[in-house]
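Visitor: Got a sequence here, can you build the structure:
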Amino acid sequence: MKKGLIAVFLAALILIACPVPGMTGGTADTIMTLDEMSMEQIHVFLKGFMGDWDDLVSDQERKLPPPPIQKEYPEGAELIDLVPADEITVGDASLRKMIGQRRSRRKYTDEYLTNEELSFLLWSTQGIQKIVMRDDGRVRYHLRTVPSGGARHPFETYLLINKVEGIKPGIYRYIPVKHKLLFVRTGEGLVDEMNEICYNQKFVGNSAVVFIWATIPYRTEWRYSKVAHKDIAMEAGHICQNLYLAAESIGGGACAILGYDQASIDQFVGVDGKEEFVIYLSPAGKIEQKEK
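Guide: Predicted structure coming up:
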């Protein structure tokens with residue numbers, strides 16, 4: 001994990017979410033490094049907010065409309081069918097056993113994931129369980145397979161697919177409302193580019209699929225204003241832990257990665273780096289059973 005990346009990540013979140021005495025506002029030319037902050041200032045991010053939460057006024061309280069629960073995509077875009085959640089038969093191993101054997105797995109075999117196995121991993125990490133609508137036709141709230149403060153779910157899932165049966169290698173985005181994959185792009189050298197972005201951690205590109213989670217902070221900010229960012233960071237961990245356990249249950253494994261170049265990974269999946277940016281990623285694939 002690279003110190004420079006962590007410093008920029010924490011500093012940006014602290015400045016945006018939790019200004020304290022001695023720190024200036026959140027513009028690009030005033031971001032402080034960790035070396036320039038006191039330990040007390042750094043702890044502000046872990047605390048979430050230094051003031052009284054009741055003093056904050058959110059856009060929800062201002063009666064502004066909530067952001068959509070998933071990004072739009074072009075009409076006529078290529079969508080790939082996944083196995084419906086109620087038809088998935090894999091992943092029924094003992095939860096107690098999976099928790100007991102969970103490890104960060106960096107050695108993957110050349111075995112391909114099936115469509116059903118990928119469907120299970122996607123459903124386990126961001127699958128939608130229920131959508132509750134308002135009388136005016138807008139979404140009131142929705143529930144997924146991971147917890148989220150206020151049921152805001154501020155993430156989009158991108159995938160670098162290398163070895164999945166019936167799906168050509170390339171970059172995809174998960175469309176949770178339809179439980180389908182949206183094809184984004186393909187091309188030569190995607191694996192090499194991914195490895196370079198992750199500071200040449202070669203096991204990343206050796207996986208069957210790389211899960212890349214981007215956040216759209218405003219989904220949570222709409223409800224929680226300046227305290228949203230601590231919540232977003234914690235929720236990324238909820239998602240990744242589900243991936244670890246789900247991958248173990250299909251004879252595979254995963255390994256969370258925070259060591260990546262931020263600007264490059266944002267460009268890689270096609271997000272703007274401002275309203276939406278990558279916050280976490282994890283390769284996943286099959287492993288030798290003797291590792292267990």
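Visitor: Please confirm that residue 212 is located within a helix.
Guide: No. With DSSP: H, G, I helix; E, B strand; the rest coil as the criterion, residue 212 is assigned strand and is not in a helix.
Visitor: Count residues in the vicinity of it, would you?
Guide: A count of neighbours around residue 212, defined by other C-beta atoms under 10 Å, yields 27. Every residue, glycine included, has its C-beta placed from N, CA and C.
Visitor: what's it in contact with, if anything?
Guide: Residues in contact with residue 212 (C-beta atoms under 8 Å, 6 or more residues apart in numbering) are 157-160, 265, 268-269, 278, 281.
Visitor: So which of the residues you listed are in strands?
Guide: Cross-referencing those against strands under DSSP state E gives 157-160, 278, 281.
Visitor: Which one of the residues you listed is nearest to residue 206?
Guide: When the ones in strands among the contacts of residue 212 are compared for distance to residue 206 (C-beta to C-beta), residue 160 comes out closest, at 11.7 Å.
Visitor: How about the contacts made by that closest one?
Guide: With C-beta under 8 Å, 6+ apart as the criterion, the residues that contact residue 160 are 170-171, 190-191, 194, 209-210, 212.
Visitor: could you turn stretch 63-81 into PDB, dropping everything but the C-alphas?
Guide: Coordinates of each C-alpha in stretch 63-81 appear next as PDB, following Å, rounded to 0.1, in the frame of the first residue of the first chain:
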ATOM      1  CA  LYS A  63     -36.400  19.100   0.300                       C
ATOM      2  CA  LEU A  64     -34.100  18.600  -2.700                       C
ATOM      3  CA  PRO A  65     -34.700  15.500  -4.800                       C
ATOM      4  CA  PRO A  66     -32.500  12.500  -4.000                       C
ATOM      5  CA  PRO A  67     -29.900  11.400  -6.600                       C
ATOM      6  CA  PRO A  68     -30.700   8.200  -8.600                       C
ATOM      7  CA  ILE A  69     -29.800   4.900  -7.100                       C
ATOM      8  CA  GLN A  70     -27.600   3.900 -10.000                       C
ATOM      9  CA  LYS A  71     -25.900   5.700 -12.900                       C
ATOM     10  CA  GLU A  72     -27.800   6.000 -16.200                       C
ATOM     11  CA  TYR A  73     -26.400   4.300 -19.300                       C
ATOM     12  CA  PRO A  74     -27.000   4.900 -23.000                       C
ATOM     13  CA  GLU A  75     -30.200   3.600 -24.600                       C
ATOM     14  CA  GLY A  76     -29.300   0.500 -26.700                       C
ATOM     15  CA  ALA A  77     -26.100  -0.200 -24.700                       C
ATOM     16  CA  GLU A  78     -24.900  -3.800 -24.700                       C
ATOM     17  CA  LEU A  79     -26.100  -5.600 -21.600                       C
ATOM     18  CA  ILE A  80     -25.000  -9.100 -20.600                       C
ATOM     19  CA  ASP A  81     -27.400 -11.400 -18.800                       C
END
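Visitor: For that stretch, give me every contacting residue.
Guide: Contacts made with stretch 63-81 from outside it, assessed by C-beta under 8 Å, 6+ apart, are listed as 60, 115, 131, 138-139, 142, 153, 156, 167, 172-173, 175-178, 180-183, 216, 218-219, 222-223, 276.
Visitor: Now with 7 Å, please.
Guide: Outside stretch 63-81, the residues within contact range by C-beta atoms under 7 Å, 6 or more residues apart in numbering are 139, 142, 153, 156, 167, 175-178, 180-183, 218-219, 222.
Visitor: So which of the residues you listed sit within strands?
Guide: Judged by DSSP E, the contacts of stretch 63-81 include 139, 142, 156, 175, 180-183 as members of strands.
Visitor: who wins for neighbours among those?
Guide: Going through these with other C-beta under 10 Å as the criterion, the one with the most neighbours is residue 181, at 25 neighbours.
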